[in-house]
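Asks: Kindly generate the corresponding structure for this input.
(2 chains)
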Amino acid sequence: MSYTFAVRLRVWLFTLAACSPTLDPGEFGTLRYFGNVPDDAPLSMVPPLADRAGNLYVLFGDIVRTDTTAFIGYAAGGWSGACPLTRGSAVGLHGWVGVGRERAWYWSGDGLFGLRGATGDCRELLKTDPSTGAALRFLAVVPSVRESTSRATTVAWVSSNLSAPPQQVLIDLDQNVLRALETVTSASTSNVVVHGAGADTDDAGAGVIVATLVGAEASRTEARFIGSNGKTATTAIITGTAPELPHALTGPIQGDDSGLFAGVTATSLLLFDRNGGAWNALPDGAVGVHRNGGKLWLVGASDAGPFVREITGQGAIGPAKAWASSTQASAHLGTVDVVDDRSLPATTVQWSATNGLGSHPFVHPHSPNVYGEDQTLWVVAGPSFKAGGVTQTAAAVAAVGIAYP
Amino acid sequence: MRSRLHFHVSATLLLLAPVATAADALAWGGFVEPSFSTVWRPDARERDAFTYGFEQSRVGLHSTGSVAAAWSYSLELLLDAQAINTITSSELVDRNGDGNSDSVHAERRTFRIPLVNKATVRFAPLSWLSIDAGSQRIPFVWSDLEGELGLALGSRSSTFERLQSGPDLGVLVGFQQAPVRVSIGAFNGYSLALGPAGSTVRGMAFLTRLDISPWGTRPLERLDPTSAATWVEVAVACVYRPAEIFDPSGEASSLGHEVRTSAGVRGGAVGIAFQLEGALRRTVDSTRHRSTESLAANIELSYYRTWMPGFGLAPALRAGLLTDTEGSQPLSTVWGEAGLLYYPLADANTLGRVSLGAFYRHERELFPAERAHLALARLLLEF
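Replies: As a prediction, the model looks like this:
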């Protein structure tokens, strides 16, 4: 009788294990040591990403640094090693462009780069125009990839070292070719200052680019909505004082289900929809706009700790609420076991771990990427040490539960 | 130890088996099915947008028979133009971004339809007990119970083929006492997907299935000119697979669990047959902490009538939905299929051994949107 009961209990436990949620908010899954990166925590990185097959992609870098490095963690175990890949010395990492079945793409400096989780391959895409041989500069890349059975595409603004004006292009990420569809500027435009780009969540591979078109007599800031076919769907005018320097938006522009878009600079909050928008004053402590559950959230930290504020469909900013997931994630750090599978077979090491990105877990200009149901990926910092006179910090990545209030 | 066990089992089976006659053992049949198909994918590159040819042509061989009291076998071989394993693409790999290739990566693909579709030995010592061992499909949905010629529209539902493809290896024990049939089984789990690519997954898949026929008796053949019986069947099935996952170095890296359940109802009246099935799959492993979920539904409707000698018609419709969630990025695909089979040798009692068929299949991925249209004409000759 007791044996039968024990067998039955084991079966039910196995079944429940397969059907129950895997991580509570703030709870970390298996930490995987992916490498050593420069400087102490918080590290100059964007939130990691996973493809559909479960391969992990980690980027070291930010808009200021010009030494972007990519790491690829294989779903079956093991890492590709560091791949230093960026182009240009003016700006650094803009962020992820998107993810596919077993690959991911990012935009850094003037270049567009591809990573393959199946092989560990990392390479620059479309360094030159295949038809003219001219060097290409990616002025803006929409952070959204349309990957279907037949092809993977995204849209971007591209200029070349020839004197031709910037072009709005549809990029075939499989074939490594682009098709110019529209000229970005008019004859009266003397310069283009790109502030940032965002995805249109209603249409994969589509998005919006916000830029100021500087003319001889007047300038105007506009949000250009681009369809996944690479053609402009509509243009909205942005009022207020636009940043003078390019790429001032600290993370990708985020959109909610009602059609409202938002982004932040160091001092301002941009809110707009397809009818227009404006630059607004940035609430104290806010560092970025996240998208979760079809809503927009302004995230930041104050003396009281990490907070989130809902941005409603009308553009109103809700009251600050303590972000329990972030606080709980901090509480889960400390002495932790880390799987070192940089080379196989894997070993387990113990770290005194701290939060790796931002002032608090999840408080970052870039929205954490969806990893699973109510789960994201986050970076944890381990011990720091000196190598060649430069401080290096061991870093690991893990799935972690997350919830917005 | 393995050879001793093998000897013991073999010896036991020999003792139980009466002497067979050679004539009982050889009962062969099969089919030849040349077909022409066109595929139109309007969203694809020009190279892939329109393809056509005879790739869907097939040849099948089957043999069933009894070699002794309680002992029988079933063998189904399927040959088609695509049943090959080949390199589908290769690329140079640059692992450090220096612009130089470090290795070559080749991708291989084994095409869907296997050579040995079924090869089982059946031991049925009692009227209510049967044991099938060997290569066979895990009977998760009804189409897994059917041979190739018993399928509506001449093909398996794409909905369920995405969840489980091809035969597996294992043993299936059936307990039958009308109107109930209970099946339990253990399989290698080759036809299921669990664990990340590049890893080795080891764990048996356990099946429990319940079939109930509360009303009437289903005809033995799906299209039976002599039967207009009214019948209903319901079924539920559950497959559970706990597995150990090994990383490429051969070390155990995590534990995985997969649970899949299905439920369905089917029936027939006045020559019209219907079938409605749904399935749910969920997997999770202890390293990735990310569950994979699939939800599938399928409905079929078919009809047969011999209008006059030499003119039998069987129209059929099928629609399916599959939502696949890895992480929280759902991919949804819907299928709609229609077909018409014409039996030129049909009479009041038989369908005849020749059929001509025309089929259309529409496949649509919902996000991002992608469409595909398949049109197929086939000639089927059974022997």
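
Asks: Stretch B:310-321: how far from the chain's middle?
Replies: 19 Å (CA atoms, centre = their mean, to the nearest Å).

Asks: Can you tell me what sits against it?
Replies: With CB atoms under 8 Å, 6 or more residues apart in numbering or on different chains as the test, stretch B:310-321 has contacts from B:152-153, B:157-160, B:223, B:225, B:295-307, B:332-347, B:351-352. No exception for glycine: its C-beta is placed from N, CA and C like everyone else's.

Asks: Distance of A:Ala398 relative to A:Gly29?
Replies: To A:Gly29, A:Ala398 is 5 Å away according to CB to CB, to the nearest Å.

Asks: Between the two, which is the more surrounded one?
Replies: With neighbours defined as other CB atoms under 10 Å in any protein chain shown, A:Ala398 and A:Gly29 compare such that A:Ala398 has more, 26 against 21.

Asks: Give me the average confidence score over the stretch of helix or strand that one belongs to.
Replies: Element membership for A:Ala398 (DSSP states H and E) is strand A:390-401. If you average the pLDDT over strand A:390-401, you get 95.

Asks: what's that strand packed up against?
Replies: strand A:31-38, strand A:56-60, strand A:347-355, strand A:375-387 (3 or more CB pairs under 8 Å, 6 or more residues apart in numbering or on different chains; DSSP states H and E).

Asks: Quick check on the contacts of stretch B:310-321: which are buried?
Replies: B:152-153, B:157-160, B:223, B:225, B:295-306, B:333-335, B:337-339, B:341, B:343, B:346, B:351-352 (16 or more other CB atoms under 10 Å in any protein chain shown).

Asks: Helices along the chain, start to end?
Replies: No chain in the question, so chain A it is. A:2-19, A:324-332 (DSSP state H).

Asks: Actually, chain B is the one I wanted.
Replies: Under DSSP H, chain B gives helices at B:2-16, B:22-25, B:46-49, B:158-161.

Asks: Of those helices, which shows the lowest average pLDDT?
Replies: Lowest mean pLDDT within those: helix B:2-16, a mean of 37.

Asks: Say whether chain B is contacted by stretch A:315-332.
Replies: No. Shown here: stretch A:315-332 not in contact with chain B (CB under 8 Å from any CB of the partner chain), separated by at least 13.7 Å.

Asks: which residue ranges form the strands in the stretch 51-200 of chain B?
Replies: All strands of the stretch 51-200 of chain B, identified by DSSP state E, counting those that start in this stretch, fall at B:58-68, B:71-80, B:85-93, B:103-110, B:116-126, B:129-136, B:168-177, B:180-187, B:200-202.

Asks: worst average pLDDT in the ones you listed?
Replies: strand B:103-110 (a mean of 68).

Asks: Show me what from the stretch 201-350 of chain B comes close to chain A.
Replies: So the stretch 201-350 of chain B meets chain A at B:240, B:242, B:247-251, B:253-254, B:257-259, B:282-284, B:286-291, B:326-329 (CB under 8 Å from any CB).

Asks: tell me the contacts of the residue nearest the centre of chain B?
Replies: In chain B, the residue lying closest to the centroid (CA atoms, centre = their mean) is B:Asp144, at 4.7 Å. Neighbouring residues of B:Asp144 by CB under 8 Å, 6+ apart: B:Arg137, B:Ile138, B:Phe160, B:Gln164.

Asks: Any figure for the gap between the first one and B:Glu148?
Replies: With distances taken as CB to CB, B:Arg137 is found 11 Å from B:Glu148.

Asks: Name the residues contacting each of these two.
Replies: B:Asn117.

Asks: Just give the nearest non-adjacent residue to B:Tyr343, would you?
Replies: B:Gly312 (3.5 Å; CB to CB, 6 or more residues apart in numbering or on different chains).

Asks: neighbours around residue 129, how many?
Replies: This is for chain A. By the criterion of other CB under 10 Å, A:Asp129 has 20 neighbours.

Asks: think we crossed wires, I meant chain B
Replies: If you count neighbours by other CB under 10 Å, B:Leu129 ends up with 14.

Asks: What's the separation between the nearest residue to it once chain neighbours are set aside and chain A?
Replies: Of all residues not flanking B:Leu129 in the chain, B:Phe175 sits nearest, at 6.1 Å (CB to CB, 6+ apart). For B:Phe175, the distance to chain A equals 19 Å [CB to the nearest CB, to the nearest Å].

Asks: so where is the stretch 51-200 of chain A shaky, pLDDT-wise?
Replies: A:162-163 (pLDDT under 70).

Asks: Name the residues of it found near chain B, please.
Replies: Residues of the stretch 51-200 of chain A lying near chain B by CB under 8 Å from any CB: A:52-55, A:70, A:74-78, A:80-81, A:83-85, A:102, A:116, A:118-124, A:146-151, A:172, A:175.

Asks: if we can go back for a sec, would you turn the helices and strands packed on strand A:390-401 into TSV with mean neighbour count?
Replies: TSV is the format used below for those (neighbours: other CB atoms under 10 Å in any protein chain shown):
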stretch	mean neighbour count
strand A:31-38	22
strand A:56-60	26
strand A:347-355	16
strand A:375-387	20
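
Asks: Please convert those strands to a markdown table, extending it with distance to B:Ala375.
Replies: Converted to a markdown table, the helices and strands packed on strand A:390-401 look like this (distance: least, CB to CB, whole Å):
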| stretch | distance to B:Ala375 |
| --- | --- |
| strand A:31-38 | 48 |
| strand A:56-60 | 40 |
| strand A:347-355 | 56 |
| strand A:375-387 | 43 |
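
Asks: Mind checking these for the one nearest to A:Thr265?
Replies: Nearest to A:Thr265 among the helices and strands packed on strand A:390-401 is strand A:56-60 (21.2 Å), distances taken as CB to CB.

Asks: List of residues touching that closest one?
Replies: Strand A:56-60 is contacted from outside by A:32, A:34-35, A:37-38, A:43-46, A:48-51, A:67-73, A:75, A:82, A:93, A:95-96, A:99, A:104, A:106, A:108, A:115, A:117, A:377, A:379, A:395, A:397, using CB under 8 Å, 6+ apart.

Asks: What subset of those residues is buried?
Replies: Buried by 16+ other CB under 10 Å: A:32, A:34-35, A:37, A:43-46, A:48-51, A:68-73, A:75, A:82, A:93, A:95-96, A:99, A:104, A:106, A:108, A:115, A:117, A:377, A:379, A:395, A:397, out of the contacts of strand A:56-60.

Asks: before we move on, the earlier item: out of the contacts of B:Asp144, who's near chain A?
Replies: Okay, of those, nothing touches chain A (CB under 8 Å from any CB).

Asks: Single out whichever of the residues you listed has the smallest pLDDT.
Replies: Among the contacts of B:Asp144, pLDDT bottoms out at B:Gln164, giving 83.

Asks: Just give me how far stretch B:223-238 sits from the chain centre.
Replies: Distance of stretch B:223-238 from its chain centroid, counting by CA atoms, centre = their mean, is 19 Å.

Asks: could you give me the average pLDDT of it?
Replies: The average pLDDT for stretch B:223-238 rounds to 86.

Asks: And that stretch, end to end?
Replies: Across stretch B:223-238, the terminal residues are separated by 28 Å (CA to CA, to the nearest Å).

Asks: Which positions in that stretch come out as buried?
Replies: B:Leu223, B:Asp224, B:Pro225, B:Ala229, B:Trp231, B:Val232, B:Glu233, B:Ala235, B:Ala237, B:Cys238.

Asks: quick one: which of those residues is nearest to A:Asn280?
Replies: Closest to A:Asn280, out of all of the buried residues of stretch B:223-238 and judged by CB to CB, is B:Cys238, at 55.0 Å.
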